[in-house]
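In: here is a sequence together with a model predicted from it:
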Amino acid sequence: MPRERKRLEKLTEIDPRYGNILVGKFINKIMKDGKKSVAQHLMYKTLDNIAEELKKDPVEVFEQAIKNVSPLLQVKSRRIGGATYQIPLEVKGDRKTHYAFIWIRDAARSRKGKSFDKRLAEELIDAYNNVGASIKKKEDTHKMAEANKAFAHFARY
């Protein structure tokens with residue numbers, strides 16, 4: 001008999017304008033202080049800016065940007081025999097999109113000089129083109145995992 005409880009899947013609302021679950025989840029990530037309508041307005045302006053600039057379907061650009069930023073590997077600290085090792089692990093399931101959302105959001109917030117919707121649109125376009133701060137964060141994470149692959153045998157699966 002398994003001792004772990006089964007995880008309940010949280011139902012995320014589908015985005016009302018585009019009917020896309022990823023857009024709905026990203027709206028929840030950029031939301032501050034529970035102000036979802038503000039986050040929706042910012043996301044829709046962002047997607048409008050992307051459509052205007054690239055002349056492509058903004059949802060496809062958004063989804064490709066998320067795929068480009070999603071990490072394959074991560075490192076976790078594990079204490080073994082008095083020493084702490086950075087152990088590389090594969091990123092599974094929804095954690096990939098979670099990290100991509102967080103990295104894109106933080107990179108857009110760290111940009112200066114424009115409104116948030118324009119900064120977010122620029123970051124998503126950069127991620128779509130495999131450049132930008134969020135792609136650099138992914139590459140840094142992969143480099144860290146690659147540098148510590150000698151400790152992969154400490155991983156518990």
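Out: In hand now; what should we look at?
In: longest helix in the chain, please.
Out: Longest helix in the chain, counting residues (DSSP state H): helix 36-54.
In: report all helices and strands that the helix or strand following it contacts.
Out: Note on helix 36-54: by DSSP states H and E, the next helix or strand toward the C-terminus is helix 58-69. In terms of contacts (3 or more C-beta pairs under 8 Å, 6 or more residues apart in numbering; DSSP states H and E), helix 58-69 is packed against helix 21-30, helix 36-54, helix 94-110, helix 116-128, helix 133-147. In this view, the C-beta of every residue, glycine as well, is placed from N, C-alpha and C.
In: follow-up on the earlier one: what residues sit buried inside the longest helix of the chain?
Out: By neighbour count on 16 or more other C-beta atoms under 10 Å, the buried set for helix 36-54 is A39, Q40, L42, M43, Y44, K45, T46, L47, N49, I50, L54.
In: OK, contacts around the residue lying closest to F26 once chain neighbours are set aside?
Out: Using C-beta to C-beta, 6 or more residues apart in numbering and skipping residues adjacent in sequence, the residue nearest F26 is F101, 5.6 Å away. Shown in contact with F101 (C-beta atoms under 8 Å, 6 or more residues apart in numbering): K25, F26, K29, I66.
In: same list (the buried residues of helix 36-54) but as CSV, adding distance to D33.
Out: Formatted as CSV, these follow (distance: C-beta to C-beta, whole Å):
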residue, distance to D33
A39, 10
Q40, 14
L42, 13
M43, 16
Y44, 19
K45, 19
T46, 19
L47, 22
N49, 24
I50, 26
L54, 31
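In: got the angle for the longest helix of the chain vs helix 58-69?
Out: Between helix 36-54 and helix 58-69, the angle comes out at 90 degrees (axes from the mean of the first three to the mean of the last three C-alpha atoms, to 10 degrees).
In: contact partners of helix 36-54?
Out: So helix 36-54 is in contact with 16-18, 23, 26-28, 30-32, 56-59, 61-62, 116-118, 120-121, 124-125, 128, going by C-beta under 8 Å, 6+ apart.
In: mind doing that once more with 6 Å?
Out: I27, I30, M31, P58, V61, F116, D117, L120, A121 (C-beta atoms under 6 Å, 6 or more residues apart in numbering).
In: and if you look at stretch 150-157?
Out: Residues contacting stretch 150-157 (C-beta under 6 Å, 6+ apart): R78, I80, Y85, I87, P88, L89.
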